[in-house]
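Undergrad: Generate a structure from the sequence data that follows.
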Amino acid sequence: MTSLSTPRALDEKRAHRVTPEAPGRLRLHVSRPTRGTAVVKANGAVDLGTAPRLWEMLSQRLHGSGTKVILNLSEVEFFGATGIRVLERAQLLAEESSTLLFVFPGECRSARRLLDLRDGQDLNIL
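TA: Numbering: from 1, shown residues only. Next comes the predicted model:
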């Protein structure tokens, strides 16, 4: 007898196969170069599967006592449209918490392209 899997069960099985070190995954590192400044450095891919982790990290930093958060995307291989949504939400939270949010796309072509399409609306691009 063959068992049928629900879409949710299939998604859970797929989620367990992905490891944090898998190619294309997102790695985040936070440093504090000066008092009141947090630099979040991303490495890997910002896509539908990894964007929630980026949001969680930015949200935590923006709720903190810092006055400035810099998101460094220079080592990101892929930055999808979902990443832009995260940045839009993060900017709103930054404004609510009186924190400055800056985005440094570096050489990440996909991030630069999406940020250029937005024409810098409401985001502080370095």
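Undergrad: In this structure D122 contacts R89, no?
TA: No. Using Cβ atoms under 8 Å, D122 makes no contact with R89, being 11.2 Å away. To be clear about C-beta, it is placed using only N, CA and C from the backbone, and glycine gets the same treatment.
Undergrad: The two: who's more crowded?
TA: Set D122 next to R89 and count neighbours by other Cβ atoms under 10 Å: R89 wins out with 15 against 12.
Undergrad: In a helix, that one, correct?
TA: Yes. Residue state for R89 (DSSP: H, G, I helix; E, B strand; the rest coil) corresponds to a helix.
Undergrad: For the chain, name the helix or strand with the lowest mean pLDDT.
TA: Every helix and strand in the chain was compared by mean pLDDT, DSSP states H and E; the lowest is helix 7-17, with a mean of 42.
Undergrad: ok, the longest strand anywhere in the chain: who's next to it in the sheet?
TA: In terms of residue count, the longest strand belonging to the chain (DSSP state E) is strand 68-79. In the sheet, strand 68-79 lines up against strand 37-46 (parallel), strand 100-104 (parallel) (DSSP bridges).
Undergrad: for the spatially most central residue of the chain, what are its contacts?
TA: The centroid of the chain falls nearest to L54 when counting by Cα atoms, centre = their mean (3.2 Å). By Cβ atoms under 8 Å, 6 or more residues apart in numbering, L54 lies in contact with 26, 28, 42, 46, 83, 86.
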